[in-house]
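*Asks:* Below is the sequence, then the predicted model.
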Amino acid sequence: MPNQQVETLARTLVEHFAALGGIPLLAVFDRPKTVALKWRKNGEVTEWNPVFAGVVLDLGLGIEVCWPHAPEQKGAVENLVGWVKGSFFKQRRFLDEADLEQQLREWLVEVNTQRPSRATGTIPALRRAEEQPRLRPLKIAPAALALRFPVVVGATGYITHETQRYSMPPDAIGLAGTLYLYRDRVRIVAARFEAMHARLQEPHGIATLPAHRTQRVAAVSGKRGKRYLMRQHLLELGPAMHTYLTELTHRRPRLWVHDVERLHALLQTEGGEALRAAVDQALDADLFGAEYLAHFLRPTEHPLARPTLERLA
């Protein structure tokens, strides 16, 4: 796996149970911070990792952690790790990661479905089939797994998870809520307010729903305040938009105010990704004005004047 974070642990665990065909009564873990945060001297856990605990409760899975400084409890796990290292990794050579994964898949088929286990004398796939009736149905499919995080809607109408920000309605500002983190999306619930976003992948990314922009602009009093907020929404698109608006105010000192309003309208109808691409095209062509971005977004609906087309050519 790429890391040992709690999300990786939880998703891998659910995928493992899905591949196994069900959930056992009990799962045994060591004591990483992704599982247990605090415990007494006798080994009793007093504080679980809340994200991990939420997943375990959703699954209906019993958890047992190894006692501190009790290597005999970890013997079975360590023996399995040593066997994999000795039987697979030390016996082979790999061209690259893809070759390693291919060889590993082939080796797993062999040791799980063809070769009897030295510990039991039975092929593992046959043993698993015998124990299958004892497994309980998986309550959550891997794609439906949501990790829960407590959040608060900030003064700007966003919640922050790690380094990413997601918008909420302005009436939710100041409310505590819960962020449900899926593999590809984010759901946020704060009192009666709820929002669903595509999950951001890039650090420090910002996700804003068009309806939330409209509500925030409507909540601001005065034309100047509304215009300032529109400009802030545009600046959230990144450095290219910052460069574009800066140059726009210098080249069109009497028109840039109206340009900001038109650009904000394009942001609402076309979306951030499309507007970012149009800004990149306009910067390359040295064209500044909302009409040019509208043309790049919808060339057939917003034709440019002939002199401009000649300059583009």
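*Replies:* Looks like it arrived, so ask away.
*Asks:* Please count neighbours and contacts with C-alpha atoms only from this point.
*Replies:* OK.
*Asks:* can you list the weak-confidence ranges in the stretch 51-200 of the chain?
*Replies:* For the stretch 51-200 of the chain, the stretches with pLDDT under 70 are 68-77.
*Asks:* next one: phi and psi at Glu64?
*Replies:* Main-chain dihedrals, Glu64, degrees, to the nearest 10: phi -130, psi 130.
*Asks:* residues in contact with it?
*Replies:* By Cα atoms under 8 Å, 6 or more residues apart in numbering, Glu64 lies in contact with Leu26, Ala27, Val28, Phe29.
*Asks:* same thing but at 6 Å, please
*Replies:* Glu64 makes contact with Val28 under the criterion Cα atoms under 6 Å, 6 or more residues apart in numbering.
*Asks:* switch to numbering from 45
*Replies:* Will do, 45 is the new start, and the previous item becomes Glu108.
*Asks:* If it is in a bridge, with which residues?
*Replies:* Beta bridges link Glu108 to Val72 when assigned by DSSP bridges.
*Asks:* and the gap between it and Ala54?
*Replies:* To Ala54, Glu108 is 16 Å away according to Cα to Cα, to the nearest Å.
*Asks:* next one: Gly65
*Replies:* 17 Å.
*Asks:* Between those two, tell me which one has more neighbours.
*Replies:* Taking other Cα atoms under 10 Å, Gly65 and Ala54 do not tie; Ala54 has more neighbours (23 against 17).
*Asks:* send the alpha carbons of the helix or strand hosting the more buried one over as CSV?
*Replies:* Here Ala54 sits within helix 50-64, counting by DSSP states H and E. Only the C-alpha atoms of helix 50-64 are listed here, as CSV (Å, rounded to 0.1, in the frame of the first residue of the first chain):
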residue,chain,number,x,y,z
VAL,A,50,-6.2,5.4,8.7
GLU,A,51,-8.2,5.7,5.4
THR,A,52,-5.8,3.3,3.6
LEU,A,53,-6.2,0.8,6.5
ALA,A,54,-10.0,1.1,6.6
ARG,A,55,-10.5,0.8,2.8
THR,A,56,-8.0,-2.1,2.5
LEU,A,57,-9.8,-3.9,5.4
VAL,A,58,-13.2,-3.7,3.7
GLU,A,59,-11.7,-4.7,0.3
HIS,A,60,-10.1,-7.7,2.1
PHE,A,61,-13.4,-8.8,3.6
ALA,A,62,-15.1,-8.4,0.2
ALA,A,63,-12.5,-10.6,-1.4
LEU,A,64,-12.8,-13.1,1.5
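*Asks:* Next, give phi and psi for the residue positioned nearest the centre of the chain.
*Replies:* The centre of the chain sits closest to Arg243, judged by Cα atoms, centre = their mean, with a distance of 4.6 Å. The phi/psi pair for Arg243 (degrees, to the nearest 10) reads phi -70, psi 130.
*Asks:* mind listing what's buried in the helix holding Ala54?
*Replies:* Buried positions in helix 50-64, judged by neighbour count with 16 or more other Cα atoms under 10 Å: Val50, Glu51, Leu53, Ala54, Arg55, Leu57, Val58, Glu59, Phe61, Ala62.
*Asks:* Packing partners of that helix?
*Replies:* Under the contact definition 3 or more Cα pairs under 6 Å, 6 or more residues apart in numbering; DSSP states H and E, helix 50-64 sits against no other helix or strand.
*Asks:* try 7 Å
*Replies:* With contacts defined as 3 or more Cα pairs under 7 Å, 6 or more residues apart in numbering; DSSP states H and E, helix 50-64 has these neighbours: helix 94-103.
*Asks:* Quick one: classify Ile184 as helix, strand or coil.
*Replies:* coil (DSSP: H, G, I helix; E, B strand; the rest coil).
*Asks:* excluding its backbone neighbours, what's nearest it?
*Replies:* With sequence-adjacent residues excluded and distances taken as Cα to Cα, 6 or more residues apart in numbering, Ile184 is closest to Leu103, at 6.7 Å.
*Asks:* How far off centre is the strand or helix carrying Ile232?
*Replies:* Taking DSSP H and E as the criterion, Ile232 maps to strand 229-234. Chain-centre distance of strand 229-234: 12 Å, with Cα atoms, centre = their mean, to the nearest Å.
*Asks:* which strands and helices sit next to it?
*Replies:* strand 220-225, strand 237-242.
*Asks:* which of these is buried the deepest?
*Replies:* strand 220-225 (a mean of 19; mean count of other Cα atoms under 10 Å).
*Asks:* Can you name the residues in contact with that one?
*Replies:* Strand 220-225 is contacted by residues 190-197, 230-235 when judged by Cα atoms under 7 Å, 6 or more residues apart in numbering.
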